[in-house]
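Provided below for reference: sequence and predicted model.
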Amino acid sequence: MDQSSSAYLALRGLDRLSIRSDIAPEGALDARLPNLQLPDGQLLPARLIPTWAEEMLDEPEKSLEGYKDQEALDESRAWVSLLENDVHAALLFYQPQPSYVASLVTVQQPPVRPLEAILSPPPPPLFGLNTIFPALGSSHISPAQIDAKYRAAIAALGDRLGTDKWFLGSSDPTPLDALVFAYVHTLLHTANHIVRMEVTRRVNLVGWELRIRALVSAAFK
């Protein structure tokens, strides 16, 4: 299970969970990872995790996906696109070989977007993650452009969070918070100092990631 999925489950109050990482994808239930191990020892295949989570929570459906208003919901789509385009491009450019990112994200074929793994029904199509690979390979994007877009994205992210508890002024965590955590956590733990330092310069992002990481760590064994 990738970090955004883990964070989303934890932020919704589910705990005593465990991800089976000691098996190969072909040996997993339905031959697909992640497999979620429940407190009673039962294993759940990836396709049943969203249904199980909703049954455990037994919450009324949130209007506007938990965002405070329609404007915030619309804005969340723009932030997802920014993360999956400009930030993801920098990760690929500065850290092309699997390293710490590989330990956070289970590689599956075909790849799925983080939100699709935890939301049912899935969100509207987003184009960042699905197009970033051909974009980098087929167009003339310079290192300077990638760097400039990445720096601008992180600056905007820090400014938008400000002193709020959750992004976009939400009263409770939303899918965007889970996705931002996945990226910020990865950026802070990357070996590349250019990528890492851009985040560490923003105290509010560092403190926010530390708080969310504690919640996720407490939920998962």
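Right, received. Where do you want to start? Numbers count the residues shown, from 1 in each chain.

Look up the closest residue to Phe93, ignoring the ones flanking it.
Ile146 (5.0 Å; CB to CB, 6 or more residues apart in numbering). The C-beta positions use only the backbone N, C-alpha and C, and glycine is treated the same way.

no wait, Pro39
Closest residue to Pro39 apart from its sequence neighbours, by CB to CB, 6+ apart: Arg16 at 4.4 Å.

Could you check how many residues crowd around that neighbour?
By the measure other CB atoms under 10 Å, the count of residues near Arg16 is 12.

so what's the backbone phi/psi at it?
Main-chain torsions, Arg16, degrees, to the nearest 10: phi 50, psi 40.

distance of it from Leu57?
Separation of Arg16 from Leu57 (CB to CB, to the nearest Å): 14 Å.

How about Asp69?
Using CB to CB, one gets 23 Å for the distance from Asp69 to Leu57.

cool, Arg77 as well?
Applying CB to CB, the value for Arg77 to Leu57 is 24 Å.

can you check Leu179 too?
Taken as CB to CB, the span from Leu179 to Leu57 is 19 Å.

Contacts for stretch 35-46 next, please.
For stretch 35-46, contacts defined as CB atoms under 8 Å, 6 or more residues apart in numbering pick out 1, 16-20, 23, 28-30, 32-34, 49, 52, 117.

Give me the buried subset of the residues you listed.
Buried members of the contacts of stretch 35-46, counted by 16 or more other CB atoms under 10 Å: 1, 17, 19-20, 28-29, 32-34, 49, 117.

The protein: helices as residue ranges?
When assigned using DSSP state H, the helices of the chain occupy the ranges 3-11, 49-57, 70-82, 88-94, 100-104, 128-138, 143-161, 175-188, 193-200, 203-219.

a markdown table for those helices, including distance to Leu38 and mean pLDDT?
Converted to a markdown table, the helices of the chain look like this (distance: least, CB to CB, whole Å; pLDDT from 0 to 100):
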| stretch | distance to Leu38 | mean pLDDT |
| --- | --- | --- |
| helix 3-11 | 12 | 74 |
| helix 49-57 | 8 | 78 |
| helix 70-82 | 29 | 95 |
| helix 88-94 | 32 | 89 |
| helix 100-104 | 22 | 43 |
| helix 128-138 | 29 | 36 |
| helix 143-161 | 33 | 95 |
| helix 175-188 | 20 | 91 |
| helix 193-200 | 34 | 94 |
| helix 203-219 | 13 | 92 |
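
closest to Ser63 out of those?
Checking the helices of the chain against Ser63 by CB to CB gives helix 70-82 as the closest, at 9.5 Å.

so Gly13 sits right up against Asp172, yeah?
No. Using CB atoms under 8 Å, Gly13 is not in contact with Asp172; the gap is 10.0 Å.

Now the common contact residues for those two.
Counting by CB under 8 Å, 6+ apart, nothing touches both Gly13 and Asp172.
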